[in-house]
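Asks: Quick one, structure for this:
(one chain, ligands or ions: 1)
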Amino acid sequence: MPTVHGSPPTTAVRPAPAAAISLTGVSKSYGDVHAVTGLSFTVEPGQTIGLLGPNGAGKSTTLDMLLGLVRPDSGEVRLFGQRPADAIRSGRVGAMLQTGGMMPEVRVRDVIRLVHRLARHPLPVDEIMRQADIEDIARHRVDKLSGGQRQRLRFALAIVEDPELIVLDEPTAGMDVSARHRFWQTMRAQTRAGRTLLFATHYMEEADSAADRILVMHEGRLLADSTPAEMKARAGLRRIAFTASGAEHTALRSLPGVLDAHVHGESVVLRSTDSDATVRGLVLDGPPFRNLEITGLGLEQAYLSLTEEPSESREKEPAR
Ligand SMILES: Nc1ncnc2c1ncn2[C@@H]1O[C@H](COP(=O)(O)OP(=O)(O)OP(=O)(O)O)[C@@H](O)[C@H]1O
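Replies: From the prediction side, this is the model:
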């Protein structure tokens with residue numbers, strides 16, 4: 001067949017598969033409270049994402065909007081390219097939320113059987129019990145379960161329809177260390193099977209050990225989007241605090257090793273990748289200082305350093 005110059009290529013271009021989660025400029029207020037402001041992020045299928053933030057950061061509101069339980073004031077939420085309600089109706093999304101009662105006097109296996117009967121395309125009951133690691137409590141009454149067992153049952157209910165995406169709001173709340181360990185082992189089996197997980201947590205260590213990627217929220221905004229390794233690199237930073245009068249933000253930023261500088265009156269806090277070089281530079285070129293303190297950040301501190309920065313300095317220097 002002759003080639004016609006200028007004709008379009010004949011190879012069909014397949015559209016890229018839709019992201020498991022896509023939020024674009026999502027905001028939600030309750031009266032004067034800006035619970036979530038301009039939130040945008042994308043999660044590819046198969047990823048495990050830890051959504052981290054202190055109380056009131058906006059994590060639950062974000063999950064509620066993802067699940068179509070709360071309507072954003074503005075912005076767009078898509079799950080696998082669909083509106084949340086459609087994705088959930090088609091069984092692609094399962095959720096384990098903090099609230100929601102469970103029939104108290106019924107036995108665990110009967111709860112699963114009942115929900116199984118109501119589902120459109122459920123996994124077999126035994127498979128749900130096995131995957132959620134609740135075979136050992138099958139005959140227990142719901143109102144006699146421990147906190148950790150109750151959470152495992154909630155998880156079982158989330159996977160009845162064999163969803164591709166599971167959204168978990170503080171799944172290990174109320175669990176002791178061994179229950180937590182057991183729960184995350186179950187989750188790892190889920191991610192190995194290719195499921196996408198998004199979980200909200202207060203615990204930095206939990207996000208670090210379980211997630212491929214950590215999103216840090218504070219006051220309704222996304223402060224950081226990083227891998228645990230990047231978070232750990234941040235944890236290698238040093239915090240240098242001192243008192244000085246007339247300290248200049250720009251001059252401090254130009255000292256060797258300084259990543260950012262916060263000046264509040266006479267109080268100065270620098271974060272540095274090389275505290276020795278920074279202090280040498282400070283002595284030679286900085287303002288006269290007193291009360292010098294140098295501390296390592298550590299993993300938990302790395303996270304806190306994000307969420308404790310005053311909003312004024314954050315606006316000047318995004319966390320990533
Ligand atoms: N239904 C509501 N009505 C009024 N204010 C609300 C409502 N839901 C959440 N808020 C407020 O929105 C903000 C974000 O709350 P949200 O529960 O999303 O945070 P969170 O990060 O999940 O906190 P936590 O870790 O304590 O669960 C808070 O100030 C909260 O008081």
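Asks: Identify the residues contacting stretch 223-231?
Replies: Stretch 223-231 is contacted by residues 41, 204, 207-209, 211-217, 234, 299, 302-303, 306-307, 314, 319-320 when judged by C-beta atoms under 8 Å, 6 or more residues apart in numbering. Heads up, the C-betas are built off the backbone N, CA and C, glycines and all.
Asks: residue ranges with poor pLDDT in the stretch 101-250 of the chain?
Replies: In the predicted model of the stretch 101-250 of the chain, residues 235 satisfy pLDDT under 70.
Asks: same thing but 80
Replies: In the predicted model of the stretch 101-250 of the chain, residues 101-104, 174, 231-236 satisfy pLDDT under 80.
Asks: For it, which segments count as strands?
Replies: 165-169, 196-201, 213-218, 221-226, 238-243 (DSSP state E, counting those that start in this stretch).
Asks: Now render the ones you listed as a markdown table, adding distance to the ligand and mean neighbour count.
Replies: Converted to a markdown table, the strands of the stretch 101-250 of the chain look like this (distance: least, C-beta to the nearest ligand atom, whole Å; neighbours: other C-beta atoms under 10 Å):
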| stretch | distance to the ligand | mean neighbour count |
| --- | --- | --- |
| strand 165-169 | 7 | 24 |
| strand 196-201 | 6 | 24 |
| strand 213-218 | 7 | 23 |
| strand 221-226 | 11 | 20 |
| strand 238-243 | 25 | 18 |
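Asks: Could you export those to JSON lines, including columns for distance to residue 59?
Replies: Formatted as JSON lines, these follow (distance: least, C-beta to C-beta, whole Å):
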{"stretch": "strand 165-169", "distance to residue 59": "7"}
{"stretch": "strand 196-201", "distance to residue 59": "4"}
{"stretch": "strand 213-218", "distance to residue 59": "6"}
{"stretch": "strand 221-226", "distance to residue 59": "11"}
{"stretch": "strand 238-243", "distance to residue 59": "26"}
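Asks: Indicate which one of the ones you listed is closest to residue 74.
Replies: Nearest to residue 74, of all these, is strand 221-226, at 14.5 Å by C-beta to C-beta.
Asks: wait, doesn't residue 289 sit right on residue 243?
Replies: Yes - with contact defined as C-beta atoms under 8 Å, residue 289 reaches residue 243; the gap is 6.6 Å.
Asks: Between the two, which contacts overlap?
Replies: Overlap of the contact sets of residue 289 and residue 243 (by C-beta under 8 Å, 6+ apart) consists of residue 268.
Asks: per-residue pLDDT, the spatially most central residue of the chain?
Replies: Among the residues of the chain, residue 51 comes closest to the average C-alpha position under C-alpha atoms, centre = their mean, at 1.2 Å. If you check residue 51, the pLDDT there is 94.
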